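**Q** Dropping a prediction and its sequence here:
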Amino acid sequence: MELKNFIKSLSIMHLFLLAGLSIFTIWVIFQINTFNTSSNGESIFLYIVPVFAMLGYFGSQWVFKKMTSKIEGNIKLGDKLKKYQSALHLKYALIEIPAFIGLFAYYSTGNALPLVISICLLAYLGVQRPNKDNIIKNTPLSKEEKIQVQQA
């Protein structure tokens, strides 16, 4: 596995996930074109969306750390990177799903709270861009492997 292509494919995947969610967010905003800020509890979405958002945010961090901590130090670099990639995919999914639920809730109710939560999740997903430093920090690599990743 060539490291440069691996990092490039992770970055492209992240970019497409981010672009897809961004485009859908803009589309939903233009479809509704209004903001309702009432919080009288008429919709169950006002309770479900924040719960899912917190579960997605904290769950993505917890699952990612759990999966990357299980990467064994004595396996080949390619296998380590595949496990890292799997952990990263799951992390992104756990962030994106609540964002889509929030956008659906905004589309259904017109209430701005789920939209704001979804935009915050979108911003959080944006800063989760994969890079060499994160790979080195989150994967148990030997000194040679760290140098190899840094030079990719």
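**A** Noted; the coordinates are in hand.
**Q** Number of residues surrounding residue 120?
**A** By other C-beta atoms under 10 Å, 14 other residues sit near residue 120. In short, each C-beta sits where N, CA and C put it, glycine included.
**Q** likewise the one 3 residues further on?
**A** Counted with other C-beta under 10 Å, the burial measure for residue 123 works out to 12 neighbours.
**Q** so which strand or helix has the residue sitting nearest the centre point of the chain?
**A** Nearest to the geometric centre of the chain sits residue 92, at 2.8 Å (C-alpha atoms, centre = their mean). If you go by DSSP states H and E, residue 92 is part of helix 77-109.
**Q** And that helix, what does it pack against?
**A** For helix 77-109, the packing partners by 3 or more C-beta pairs under 8 Å, 6 or more residues apart in numbering; DSSP states H and E come out as helix 3-32, helix 45-69, helix 112-126, helix 132-138, helix 143-151.
**Q** most tightly surrounded among those?
**A** Mean neighbour count (mean count of other C-beta atoms under 10 Å) peaks for helix 112-126 among the helices and strands packed on helix 77-109, with a mean of 20.
**Q** tell me the angle that one makes with helix 3-32.
**A** 170 degrees (axes from the mean of the first three to the mean of the last three C-alpha atoms, to 10 degrees).
**Q** just checking, what packs against helix 112-126?
**A** Partner elements for helix 112-126 (3+ C-beta pairs under 8 Å, 6+ apart): helix 3-32, helix 45-69, helix 77-109.
**Q** can you redo the ones you listed as CSV with distance to residue 128?
**A** Formatted as CSV, the helices and strands packed on helix 112-126 follow (distance: least, C-beta to C-beta, whole Å):
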stretch, distance to residue 128
helix 3-32, 7
helix 45-69, 8
helix 77-109, 7
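**Q** so which of these gets nearest residue 138?
**A** Each of the helices and strands packed on helix 112-126 has some distance to residue 138 by C-beta to C-beta; the shortest is helix 45-69, at 4.7 Å.
**Q** same question for the closest one, mean pLDDT?
**A** For helix 45-69, mean pLDDT is 94.
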